[in-house]
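Participant: Below is the sequence, then the predicted model.
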Amino acid sequence: MIKHRTTHLAKARGAPTTFGICSATYGPPLVMLGPRPGRPPAKAPPLPVGPRRRQVTMAHPGTWSRTDQYHDIKSRMCPDITAPTTTQELASAAQEPLTFDDERKRHTSNEELAEQVSTILRVDRERAEFIVAESERLYVNRMRERFSKLKVSERLKRTNPFLLRIRGAETVLDWATLQVQSALYASEEEAVGHLLESIIKTCFPGATEPALPDDFDFESIESSDVIHGYQVKMSWDCMPMSSRKNLSNTIVRVKEQYRSQGKSFVGYFAPCYGRAKTTKPPGQEYITLASKEFWRQVGDGEPDYDVRVGEVCALLCSEFRSEVLDTLVPNLLERLTHAAQPEIGDREGQIDYAKLFRRVNK
């Protein structure tokens with residue numbers, strides 16, 4: 001199974017260091033609560049006004065106002081965008097109708113999607129239809145299940161009140177927004193990981209389920225007496241040393257079992273991205289494939305097959321995403337806010353941090 005990790009790039013961009021149910025918003029808030037001590041109030045420089053940004057106003061000298069400065073929904077919710085940087089941006093967006101341009105509405109049938117997938121990945125129609133069906137199952141169905149459960153007590157228990165305050169959350173709606181946002185991004189990472197695994201197993205020439213299901217995602221029968229086993233991960237460095245040792249030990253056992261059948265076995269660790277060279281250090285029983293080499297194998301020698309797979313992921317997930325954003329996200333925001341209000345809020349809907357600190361330690 002493909003697993004995930006938080007990348008150094010994500011950390012550099014200010015993303016949360018873990019993808020969990022209560023990780024806080026991506027990036028530091030663009031809200032200054034007042035002038036720094038010892039410094040006179042300064043006039044804030046005006047931000048550029050464009051089609052995707054609204055003018056920032058000043059509440060009073062030296063203080064940024066609470067503005068709905070955010071990218072439009074289409075830009076912010078497309079797969080290749082940067083996540084919102086403040087609590088208020090997502091909260092403002094969630095309160096407005098979540099609409100999409102016509103090309104972003106799910107108006108493409110599964111049959112039409114299968115036709116496009118078949119063309120992009122150069123697979124037959126049957127396999128393309130399976131990939132479309134799997135993407136809907138892995139994306140929409142899992143999102144629907146996850147976003148239909150409140151889990152208020154669990155979310156509160158896992159809330160980091162220190163980070164929450166640092167990131168400028170003031171209202172219970174802010175808190176709910178952070179919970180929904182983190183769940184959305186974590187769920188998408190998980191869904192894409194499973195989708196990639198499904199695409200790989202569908203497209204890899206001769207891929208079959210492992211005859212000896214020990215830590216391998218699939219096998220490839222190279223000849224009557226040679227078997228290759230693949231363990232697929234999202235990134236090359238997401239496997240801890242203990243797992244690497246376990247994989248080597250597993251390969252030793254599998255080799256012995258296949259040897260008793262008169263067959264030889266070769267184990268591979270296959271990262272989807274980030275690995276530049278194929279290596280097999282001394283003492284390591286498996287071969288670590290370069291990511292480019294792995295995707296070349298998946299595409300049966302097709303160069304840049306990972307680019308094609310990325311195009312398919314964007315195509316399918318953008319089609320199935322609208323249901324999540326149009327219905328599940330706003331509904332969960334409203335229900336979470338209402339349920340958490342008596343637990344951590346005051347009468348005006350502001351977060352009572354004294355209550356919050358006591359609640360998370362309850």
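Facilitator: All right, it came through fine. Numbering: from 1, shown residues only.

Participant: just how off-centre is stretch 299-315 within its chain?
Facilitator: Using C-alpha atoms, centre = their mean, to the nearest Å, the distance from the centre of stretch 299-315 to the centre of the chain it belongs to is 19 Å.

Participant: can you check stretch 187-205 too?
Facilitator: A distance of 13 Å separates the C-alpha centroid of stretch 187-205 from that of its chain, computed with C-alpha atoms, centre = their mean.

Participant: next one: stretch 144-152
Facilitator: Stretch 144-152 has its average C-alpha position 17 Å from the chain's average C-alpha position, going by C-alpha atoms, centre = their mean.

Participant: Give me the phi and psi angles of the closest residue to residue 117 other than its chain neighbours.
Facilitator: With sequence-adjacent residues excluded and distances taken as C-beta to C-beta, 6 or more residues apart in numbering, residue 117 is closest to residue 128, at 4.2 Å. The way it works is simple: take the backbone N, C-alpha and C, and place the C-beta from them, glycine included. Taking degrees, to the nearest 10, you get phi -60, psi -40 for the backbone angles of residue 128.

Participant: Surely residue 128 touches residue 122?
Facilitator: No - the pair residue 128 / residue 122 is not scored as a contact, 9.7 Å apart, by C-beta atoms under 8 Å.

Participant: what about those two, which has more around it?
Facilitator: When residue 128 is set against residue 122 and neighbours are counted by other C-beta atoms under 10 Å, the residue ahead is residue 128, at 24 against 14.

Participant: element containing the residue most central in space within the chain, please.
Facilitator: Per C-alpha atoms, centre = their mean, the C-alpha nearest to the average position across the chain is that of residue 189, at 2.2 Å. Under DSSP states H and E, the secondary-structure element containing residue 189 is helix 172-203.

Participant: Mind giving me the packing neighbours of the helix or strand just after that helix?
Facilitator: Secondary structure here is assigned by DSSP H and E; on that basis, the next helix or strand after helix 172-203 toward the C-terminus is strand 207-208. With contacts taken as 3 or more C-beta pairs under 8 Å, 6 or more residues apart in numbering; DSSP states H and E, strand 207-208 sits against strand 218-223.

Participant: Off-centre distance for the very next helix or strand once past the strand it packs on?
Facilitator: The helix or strand immediately downstream of strand 218-223 is strand 226-235, counting by DSSP H and E. Between the mean C-alpha location of strand 226-235 and the chain-wide mean there is a distance of 22 Å, by C-alpha atoms, centre = their mean.

Participant: Return the alpha-carbon coordinates of whichever helix or strand comes after strand 226-235 using PDB.
Facilitator: Using DSSP H and E, the helix or strand that follows strand 226-235 in sequence is helix 241-259. Listed next in PDB are the C-alpha coordinates belonging to helix 241-259 (Å, rounded to 0.1, in the frame of the first residue of the first chain):
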ATOM      1  CA  MET A 241      14.700   1.700   8.500                       C
ATOM      2  CA  SER A 242      12.800  -0.900  10.500                       C
ATOM      3  CA  SER A 243      10.400  -1.400   7.500                       C
ATOM      4  CA  ARG A 244      13.400  -1.800   5.200                       C
ATOM      5  CA  LYS A 245      14.900  -4.500   7.400                       C
ATOM      6  CA  ASN A 246      11.500  -6.200   7.500                       C
ATOM      7  CA  LEU A 247      11.300  -6.100   3.700                       C
ATOM      8  CA  SER A 248      14.700  -7.700   3.400                       C
ATOM      9  CA  ASN A 249      13.800 -10.400   5.900                       C
ATOM     10  CA  THR A 250      10.600 -11.000   4.000                       C
ATOM     11  CA  ILE A 251      12.400 -11.400   0.700                       C
ATOM     12  CA  VAL A 252      14.700 -14.000   2.200                       C
ATOM     13  CA  ARG A 253      11.700 -16.100   3.300                       C
ATOM     14  CA  VAL A 254       9.900 -15.600  -0.100                       C
ATOM     15  CA  LYS A 255      13.000 -16.600  -2.000                       C
ATOM     16  CA  GLU A 256      13.200 -19.800   0.000                       C
ATOM     17  CA  GLN A 257       9.600 -20.600  -0.600                       C
ATOM     18  CA  TYR A 258       9.900 -20.000  -4.400                       C
ATOM     19  CA  ARG A 259      13.200 -21.900  -4.500                       C
END
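
Participant: packing partners for the following helix or strand past helix 241-259?
Facilitator: Sequence-wise, the next helix or strand downstream of helix 241-259 (DSSP H and E) is strand 264-273. Using 3+ C-beta pairs under 8 Å, 6+ apart as the contact test, the elements touching strand 264-273 are strand 226-235, helix 241-259, strand 287-288, helix 291-298.

Participant: For residue 324, find the nearest of the ones you listed.
Facilitator: When those are compared for distance to residue 324 using C-beta to C-beta, the nearest one is strand 226-235, at 21.2 Å.

Participant: Show me what that closest one packs onto, helices and strands only.
Facilitator: Using 3+ C-beta pairs under 8 Å, 6+ apart as the contact definition, the elements that strand 226-235 packs against are helix 172-203, strand 218-223, helix 241-259, strand 264-273.

Participant: residues making contact with that strand?
Facilitator: With contact meaning C-beta atoms under 8 Å, 6 or more residues apart in numbering, strand 226-235 is reached by 1-5, 7, 193, 196-197, 200, 204, 210-211, 215-222, 239, 247, 251, 254, 258, 263-274, 286.

Participant: make it 7 Å
Facilitator: Contacts made with strand 226-235 from outside it, assessed by C-beta atoms under 7 Å, 6 or more residues apart in numbering, are listed as 2-5, 193, 197, 200, 210, 215-222, 239, 247, 254, 258, 263-274.

Participant: got the contact list for residue 254?
Facilitator: Residues in contact with residue 254, defined by C-beta under 7 Å, 6+ apart, are 212, 214, 229, 265.
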